[in-house]
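Peer 1: no sequence on hand, only this structure:
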């Protein structure tokens, strides 16, 4: 478990089913992730039952729940995925419930995840793909010290057309 004075990152527990069911089935979020269909409670129960059985080196991903320290409220998730051991990089995704956004919880969660990735796993870089018009996420990553290093043209397809994606990177201290 990783924590600071405001939040903690912890493993997914069976009690988290209600959160994951709600969050994974929000269609408005599907355009920024890899999900394109709803998940059943059964599928999510299976996921929760197996998520802790293999380590990050076997599964190449890790999901952590974000809780507030003050009242132990679960307010989001942080995902480390596409772990590429050979090239020493991993992708990052953060979700904070709308009512807790703009309170620096996402930046704090990223900082705790960085501590795990850079100091414990000894990985060189964390990267994120962010839709060009997602200015809130772009601002948040820039505040967390990430730099925009590439644009992927027409990367995301919407019913209205295509959108560019900005690649953000953050490197371990050299």
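Peer 2: That came in fine, so what should we check first? All values derive from a computational prediction rather than experimental measurement. Residues are numbered from 1 along each chain as shown.

Peer 1: residues near residue 139, how many?
Peer 2: Neighbourhood size, residue 139 [other CB atoms under 10 Å]: 10. Backbone N, C-alpha and C define where each C-beta goes, glycine included.

Peer 1: so it: helix, strand or coil?
Peer 2: helix (DSSP: H, G, I helix; E, B strand; the rest coil).

Peer 1: low-confidence regions, the chain specifically.
Peer 2: Scanning the chain with the threshold set as pLDDT under 70 gives 1, 28-36, 52, 174.

Peer 1: repeat the analysis, applying 80 as the threshold.
Peer 2: Applying pLDDT under 80 to the chain picks out residues 1, 26-37, 51-54, 174.

Peer 1: disregarding residues adjacent in the polypeptide, which is nearest to residue 117?
Peer 2: Nearest non-adjacent residue to residue 117, counting by CB to CB, 6 or more residues apart in numbering: residue 123, 4.9 Å away.

Peer 1: now residue 3
Peer 2: Distances taken as CB to CB, 6+ apart place residue 69 nearest to residue 3, at 6.5 Å, with adjacent residues excluded.

Peer 1: please name the residues that touch that neighbour.
Peer 2: 3, 4, 5, 6, 7, 8 (CB atoms under 8 Å, 6 or more residues apart in numbering).

Peer 1: what number of residues lie near the second one?
Peer 2: If you count neighbours by other CB under 10 Å, residue 4 ends up with 13.

Peer 1: strands of this protein, residue ranges please.
Peer 2: Assignment of strands within the chain using DSSP state E yields the ranges 2-3, 7-10, 62-68, 74-84, 89-96, 125-131, 147-158, 161-171.

Peer 1: closest one to residue 19 among these?
Peer 2: strand 74-84 (5.5 Å; CB to CB).

Peer 1: mind listing what's buried in that closest one?
Peer 2: If you call a residue buried by 16 or more other CB atoms under 10 Å, then strand 74-84 has these buried ones: 74, 75, 76, 77, 78, 79, 80, 83.

Peer 1: give the partner strands of it in its sheet and their orientations.
Peer 2: Strand 74-84 pairs in its sheet with strand 62-68 (antiparallel), strand 89-96 (antiparallel), by DSSP bridges.
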